[in-house]
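# heads up, no residue letters with this:
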């Protein structure tokens, strides 16, 4: 007991003498003594722990071009990025690259605990109350830790720092949803913590920007109203089943959401008691709702019209309302102020990206995939799927609806050239193979649009090796023993891609390679502008490439055609006014 007390007293004296010491070797000495006092650790465990910590000190010194004996605590703290770059570029194993940053943090925690170089850890102390609020191991704590690494004191932290962290996270492969949720969680934690934490971040605005919700969830509706809406949506779904395009569960959920907003406005804004839809289906009320969305909720005209058109398209197929005259809804559409052409052009310009940049993405993805060393089969499978997905959207220009709904064996399949049905264009390379062997089987696509137009042809020749690699090897591995949805592409939960999931995933992928989120629709627009610039007066060919009607191309991309149409509409109005 006396020996232990003397040792403890000697350690206290040594700690006081080295409290201002910058030497990392002194830190290791203090750690070794601290581990020896832990009765739960064996000598072997302590020795192994010290070997790991001594190794990381050696690597930190090497990354800074100095020796372990000369390395100081302040140098170790201030040069984290240099150390991480050194680890990333080294030839160490993947396990070592993962463990070294962990051991570095452990050494510095010990140094801070024992009082070494207090000035080096002052920024940690400033952020400590904030880290306690946001928690550990989540996106919100990652924001705070990034600020510490960049030597940003809480008094200087602002929304610009949130943007810097977001860009870095997206560049590192994080999803857009993760970044948004992390930023929201960080601001919410600071806001809920109260003034004692908010005062530490004076440059950060934590005020709630989200408008209060107004929807009346269908589960909270009166029984009669809930039953009426459910019956109408089911009638619309049954009607859609009879057509060429059935209603997906996502579309059904979206339509119910529009009814929830419509009824929620009636209940929460004017304060109406809504038991059924009939009192709401009149021009004054719908006009009031439309302008409230447009002016108070700041929704664009297209969003307002889209929401109302969904509601009234369901009403038209419902037996109870199919004989009602809802033509007055078009008067409301016309009265909503359209976005000026100049503002529309400016908004499109901000989101525009040159097609050449997009076209280079699949090649860059392939180069990254080929450079991988011993990737896991699942990770490699998803990489191959993502590469094929963007190849279909960017190079082949397949419509997003086809890409997310294409079924193997029905929409994408390998078989002989069909001899019946609409004309089937056979490229030169396929004709040469057919001359050698008339029974040659080819990878093909087949798609029937919402208008009933049948589009079919051969898959691009340069895409076939990647398609076969994915269909024959990667996709079965990704599906595993689970239920196979049948679609070519799946999301990470092994289900089919919805429109929302496709847009989010494509946005994440394009952001990683172009620093800009690009939607599937914007990809098609980028190609269309590129095509019209390189091949003037060939809009018919563009329509065939993008599987749309010729008038659609003229209306989307030809301003002169849009002006002529507006002139015709105005003449027709004047004629009947």
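Noted; the coordinates are in hand. Fair warning: this is a prediction, and the values are worked out from it, not measured in the lab.

# okay, CA-based contacts and neighbour counts for the rest of this
Noted.

# buried ones in the strand or helix carrying residue 379?
For residue 379, the host element (DSSP states H and E) is helix 377-390. For helix 377-390, burial by neighbour count (16 or more other CA atoms under 10 Å) applies to 380-390.

# show me what the helix or strand following it is packed up against.
Sequence-wise, the next helix or strand downstream of helix 377-390 (DSSP H and E) is helix 400-405. Packed against helix 400-405 by the contact rule (3 or more CA pairs under 8 Å, 6 or more residues apart in numbering; DSSP states H and E) you find helix 499-514.

# buried set for the helix it packs on?
499, 502-513.

# over to stretch 332-340?
332-333, 336.

# next one: stretch 259-279
259-267, 274, 276.

# try stretch 281-288
286-287.

# how far out from the middle of the chain is that stretch?
37 Å (CA atoms, centre = their mean, to the nearest Å).

# residues in contact with it?
280, 328-329, 332 (CA atoms under 8 Å, 6 or more residues apart in numbering).

# where does the protein have low pLDDT?
Scanning the chain for pLDDT under 70 picks out 1-21, 208-210, 241-246, 339, 341, 343-345, 347-351, 451, 573, 575-577.

# so how far is the one helix or strand residue 180 maps to off the chain centroid?
Assessed by DSSP H and E, residue 180 sits inside helix 176-193. Taking CA atoms, centre = their mean, one finds helix 176-193 lying 16 Å from the centre of the chain it belongs to.

# likewise stretch 65-79?
39 Å.

# kindly report the same for stretch 222-236.
With CA atoms, centre = their mean, you get 33 Å for stretch 222-236.

# before we move on, what about stretch 148-168?
22 Å.

# buried residues, it. List them.
Result for stretch 148-168 [16+ other CA under 10 Å]: buried residues 148, 152-154, 157, 161-162, 165-167.

# ok, residue 369 - contacts?
So residue 369 contacts 380, 383-384 (CA under 8 Å, 6+ apart).

# circling back to that earlier point, which strands and helices sit next to the helix holding residue 379?
Judged by 3+ CA pairs under 8 Å, 6+ apart, helix 377-390 is in contact with helix 361-371, helix 464-469, helix 475-479.

# which residues are in contact with it?
Counting by CA under 8 Å, 6+ apart, 361-362, 365-366, 369, 403, 463, 466-467, 470, 474-475, 477-478, 489, 506 sit against helix 377-390.

# go on, stretch 458-475?
Contacts for stretch 458-475 (CA under 8 Å, 6+ apart): 377-378, 380-382, 384-385, 388, 391, 396, 426, 442-445, 488.

# quick check: buried residues in it?
Neighbour counts over stretch 458-475 (16+ other CA under 10 Å) mark 458-459, 464, 467, 470, 474-475 as buried.

# same question for stretch 134-147.
134, 139-147.

# in strands, which of those appear?
Judged by DSSP state E, the subset of these located in strands is empty.

# now those in a markdown table, with distance to residue 287?
Below are those laid out as a markdown table (distance: CA to CA, whole Å):
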| residue | distance to residue 287 |
| --- | --- |
| 134 | 44 |
| 139 | 42 |
| 140 | 42 |
| 141 | 46 |
| 142 | 46 |
| 143 | 44 |
| 144 | 47 |
| 145 | 50 |
| 146 | 49 |
| 147 | 48 |
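
# out of the residues you listed, which is nearest to residue 184?
residue 140 (8.1 Å; CA to CA).

# surely the closest one and residue 186 touch.
Yes. Counting by CA atoms under 8 Å, residue 140 touches residue 186, with 4.5 Å between them.

# list residues touching both of these two?
Joint contacts of residue 140 and residue 186 (CA under 8 Å, 6+ apart) are residue 134.

# ok, back up a step: want to throw the buried residues of stretch 458-475 into a markdown table with distance to residue 298?
Listed next are the buried residues of stretch 458-475 as a markdown table, based on distance: CA to CA, whole Å:
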| residue | distance to residue 298 |
| --- | --- |
| 458 | 45 |
| 459 | 43 |
| 464 | 46 |
| 467 | 44 |
| 470 | 44 |
| 474 | 45 |
| 475 | 43 |
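
# mind giving me the packing neighbours of the helix or strand containing residue 544?
In this assignment (DSSP H and E), residue 544 forms part of helix 539-545. Helices and strands touching helix 539-545, by 3+ CA pairs under 8 Å, 6+ apart, are helix 520-534, helix 550-557.

# how does the chain divide into domains?
2-116, 120-198, 218-338, 355-534 (automatic domain parsing).

# between those domains, which one is closest to residue 569.
Once the domains of the chain are compared by CA to CA, domain 218-338 is nearest, at 11.9 Å.

# kindly check the end-to-end length of the closest one for me.
Terminal residues of domain 218-338 lie 32 Å apart, using CA to CA, to the nearest Å.

# hang on, the earlier thing: between the buried residues of helix 377-390, which sits nearest residue 517?
residue 390 (13.3 Å).

# how much space between that closest one and residue 507?
11 Å.

# surely residue 53 and residue 107 touch.
Yes. Applying CA under 8 Å as the test, residue 53 and residue 107 come out as touching, 6.5 Å apart.

# so for those two, which residue has more residues nearby?
Set residue 53 next to residue 107 and count neighbours by other CA atoms under 10 Å: residue 107 wins out with 24 against 19.

# what's next to the strand or helix carrying that one, contact-wise?
Assessed by DSSP H and E, residue 107 sits inside helix 94-113. The set of residues external to helix 94-113 that reach it, using CA under 8 Å, 6+ apart, is 27-28, 31, 52-53, 56-57, 73, 77, 84, 87-88, 117-118, 121.

# got it, and stretch 229-240?
Under CA under 8 Å, 6+ apart, the answer for stretch 229-240 is 246-247, 252, 255-256, 259, 314-315, 317-318.

# quick check, nearest of the contacts of stretch 458-475 to residue 545?
residue 396 (8.3 Å).

# chain neighbours aside, what residue packs nearest to that closest one?
In space, and not counting its chain neighbours, residue 396 is closest to residue 460: 6.9 Å by CA to CA, 6 or more residues apart in numbering.

# pull the longest strand from the protein.
strand 442-448.

# the host helix or strand of residue 563 versus helix 550-557: what angle between them?
Using DSSP H and E, the element containing residue 563 is helix 559-576. With axes from the mean of the first three to the mean of the last three CA atoms, to 10 degrees applied, the angle from helix 559-576 to helix 550-557 works out at 100 degrees.

# and the helix holding residue 180, what's buried?
Under 16+ other CA under 10 Å, the buried positions of helix 176-193 are 176, 179, 182-183, 185-191.

# out of those, which one sits closest to residue 533?
residue 176 (32.2 Å).

# returning to that earlier point: how about a markdown table for the contacts of stretch 281-288, with distance to residue 527 and secondary structure added?
Compiled in a markdown table, the contacts of stretch 281-288 are given as follows (distance: CA to CA, whole Å; DSSP: H, G, I helix; E, B strand; the rest coil):
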| residue | distance to residue 527 | secondary structure |
| --- | --- | --- |
| 280 | 44 | helix |
| 328 | 38 | coil |
| 329 | 35 | helix |
| 332 | 34 | helix |
